[in-house]
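following is a predicted model, sequence given first.
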Amino acid sequence: MWWSVNMVLTTIAIGVLGQFVFTLAFPHTVATILCFGFLGAIATAFIATLGPQTGLRTMVITRYSSGYIGCALYSILNILTQLGFATTAVILGGQTLASISSSNAVPLVAGIVIIGVCSLTPCFIGYNMVHIYERYAWMVTFFIMCCLYGLGAKVGFDVSAQRSVEDTGRALGADILSFGSIVFGSFTGWAPVAADYNVRLPADTSALRVFILTMFGLYIPICFTSILGAALVTITNPEYIAAFGTDGSTGGLIAQVLSPWGGWGKLLLVLLAFSCIANNIPNTYSTALSIQALGRPLAIVPRFIWVIFTFVVYTVAGVAGREHFSVILSNSLSILSYWTAFFVVIVAEEHFIFRRPGGKLGGYDLANWDEPSKLPLGFAGILAGCFGVVGAVVGMAQVWYTGPIGEKAGTTYGADLGFELAAAFAGLTYPPLRWTEIKLTGR
């Protein structure tokens, strides 16, 4: 499954950002993807192991650390996260469909709607259909990615093309940290849904096996595909530069790469555009799950209603933001990395410190997953999350705001230390807060 949802068109765009937004040369872009990606893959793979152990969806698992109210807050964050991912997917897929014909036979708006509708269908059918589709979708896109590597290499990758404009010294370090935050977020963006698709595995499934398969299922395709994006933007042929444009059209660049193959290249481009569907299916389905996790009144509404609602929201957002793809992607992934960092830390500390055999609580009382009176009050998890937000605020570096630590860590634009400080602040405060909560309430 993880190969299909990540070996897609939208992942190529992550590698593109290294040069387009942060002016990093190819070697530094690749090193950042590999290093920060590894951290993100580990964090997400841990969350995936909780699915078979508990049989619960990811957002519901947070009730055991942050209570019913904390679960609702995380669900809201996850809804916004998945909608952000889905919006970028439909924009890029629509952008690619629109670039197939020079006569604009498929307008961008129409392309966005087409991708959105196709993403809706498998989710509407249900859980089993999601797994069936994701089981095979990666094979086609892997073949296309290999073709793009080959065609790009034939034109010529110039790995030193960006060196003349790349920053040096402290500014270079700031660029790497900021791009690293985006890379980390592209991996941990799956953490809030990672357990959703393992819940039907037997409870005695090896946690180590789930961890390893999930980690490499994320790490290999995301690195392989995002490095492709980083490589394609090193092509210095004027026609390819013009296709990419000043607005950073990833779809236009890929269309140019495939253009030597004529009609065959256009067919591959259509298939690649529709690869966004594989990425968008879990976004759509898990958004519906998170809406239901907000509380019992919403849980009784049939899930397909929330699936349709999700489709409408991200399709409308895609149409509205269709001219600002790179800005939406870079900002959403950076902010995403902040909250997923402290979310993973809090869930991990609850699991390994308080829920371990012989720990304060000794395990999960799964029979009470929907009983607020028997779950933790949640003040420890919520307060630790608030400290995580403080860490993100003081360490972040965005176009619209730079925190005091982020500003001092970089130069002109600061250095994004948001996810690192968010994880550190939450990680240091959660254990004593949770110990106090258990002592006072017994749960």
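All right, it came through fine.

from here on, contacts and neighbour counts on C-alpha atoms
Fine.

which element is the residue lying closest to Gly427 once chain neighbours are set aside on?
Once flanking residues are discounted, Gly427 sits nearest to Val345: 5.9 Å by CA to CA, 6 or more residues apart in numbering. Element membership for Val345 (DSSP states H and E) is helix 325-349.

ditto for Pro431
With DSSP H and E as the test, Pro431 turns up in helix 418-441.

quick check: the residue nearest to Gly427 touching Leu428?
No - under the criterion of CA atoms under 8 Å, Val345 makes no contact with Leu428, lying 9.7 Å away.

more neighbours, those two?
Between Val345 and Leu428, counting by other CA atoms under 10 Å, Val345 is the more crowded of the two (23 against 15).

which residues does that one contact?
423, 426-427 (CA atoms under 8 Å, 6 or more residues apart in numbering).

out of the residues you listed, which is nearest to Gly363?
Closest to Gly363 out of the contacts of Val345 is Gly427 (20.2 Å), distances taken as CA to CA.

that closest one contacts Ile346, correct?
Yes - between Gly427 and Ile346 a contact is recorded at 6.6 Å, counting by CA under 8 Å.

overlap of the contact sets of those two?
Both Gly427 and Ile346 are contacted by Ala384, under the criterion CA under 8 Å, 6+ apart.

okay, those two: which has more neighbours?
Ile346 (28 against 23).

for Gly321, see how far away that one is.
Distance, Ile346 to Gly321, using CA to CA, to the nearest Å: 33 Å.

also Val270?
Going from Val270 to Gly321 by CA to CA gives 22 Å.

of these two, which one has the most company?
Val270 (18 against 15).

that one: what secondary structure?
helix (DSSP: H, G, I helix; E, B strand; the rest coil).

swap in the one 10 residues further on?
Reducing the assignment at Asn280 to three states with three-state DSSP gives helix.

is it true that it touches Ser119?
Yes - contact criterion CA under 8 Å: Asn280 and Ser119 qualify, at 5.9 Å.

so where's the stretch 1-150 of the chain uncertain?
Scanning the stretch 1-150 of the chain for pLDDT under 70 picks out 101-105, 122-131, 133-134.

my read is that Gly37 contacts Val183, right?
Yes - the pair Gly37 / Val183 is scored as a contact, 5.9 Å apart, by CA under 8 Å.

tell me the centre residue of this structure?
Gly189 (3.0 Å; CA atoms, centre = their mean).

dump the residue contacts of that residue.
Taking CA under 8 Å, 6+ apart, one finds 81, 333, 336-337, 340 in contact with Gly189.

filter these down to the buried ones and hand me the ChimeraX line.
The buried residues among these can be selected in ChimeraX (16 or more other CA atoms under 10 Å) with this line:
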select :81,333,336,337,340
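
pLDDT-wise, what's the bottom of the contacts of Gly189?
Least confident of these in the model: Leu333, at 61.

can you tell me which helix in the protein is longest?
helix 63-98 (DSSP state H).

and it, what's buried?
So for helix 63-98, counting by 16+ other CA under 10 Å, buried means 63-79, 81-98.

chain center to that helix: distance?
9 Å (CA atoms, centre = their mean, to the nearest Å).

what of stretch 57-73?
Relative to the chain's own centre, stretch 57-73 is displaced by 20 Å; criterion: CA atoms, centre = their mean.

hmm, who's touching stretch 89-106?
With contacts defined as CA under 8 Å, 6+ apart, stretch 89-106 is touched by 9-10, 107-116, 249-252, 255, 266, 269-270, 273-277, 279-280, 314-315, 318-319, 321-322, 325.

from what I can see Ala43 touches Ala191, true?
Yes - taking contacts as CA under 8 Å, Ala43 lies within contact range of Ala191: 7.2 Å.

overlap in contacts of the two?
Val344.

give me the three-state assignment for Ile235.
Applying three-state DSSP: Ile235 is coil.

check contacts around it.
Neighbouring residues of Ile235 by CA under 8 Å, 6+ apart: 152, 155-158, 161, 241.

now the buried members of those residues.
By neighbour count, with 16+ other CA under 10 Å, the contacts of Ile235 hold 152, 157-158, 161, 241 as buried.

between the residues you listed, which is closest to Arg170?
Nearest to Arg170 out of the buried ones among the contacts of Ile235 is Ala161 (CA to CA; 20.9 Å).

so who does the closest residue to that closest one other than its chain neighbours touch?
Once flanking residues are discounted, Ala161 sits nearest to Thr234: 5.9 Å by CA to CA, 6+ apart. Listed by CA under 8 Å, 6+ apart, the contact partners of Thr234 are 26, 157-162.

for Thr234, phi and psi?
Backbone geometry at Thr234, expressed as degrees, to the nearest 10, gives phi -90, psi -10.

TSV for the contacts of Val345, including pLDDT?
Below are these laid out as TSV (pLDDT from 0 to 100):
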residue	pLDDT
Ala423	95
Ala426	96
Gly427	96
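
let me know the closest of these to Tyr219.
Tyr219 has its nearest neighbour among these in Ala423, at 20.8 Å by CA to CA.

if we can go back for a sec, check the buried ones among the contacts of Ile235 and tell me the two furthest apart.
Gly152 and Ala161 (14.5 Å).

Asp247 belongs to a strand?
No - using three-state DSSP, the secondary structure at Asp247 is coil, not a strand.

burial check on it, number of neighbours?
Using other CA under 10 Å: Asp247 sits among 12 other residues.

check the gap between it and Leu218 for me.
For Asp247, the distance to Leu218 equals 29 Å [CA to CA].
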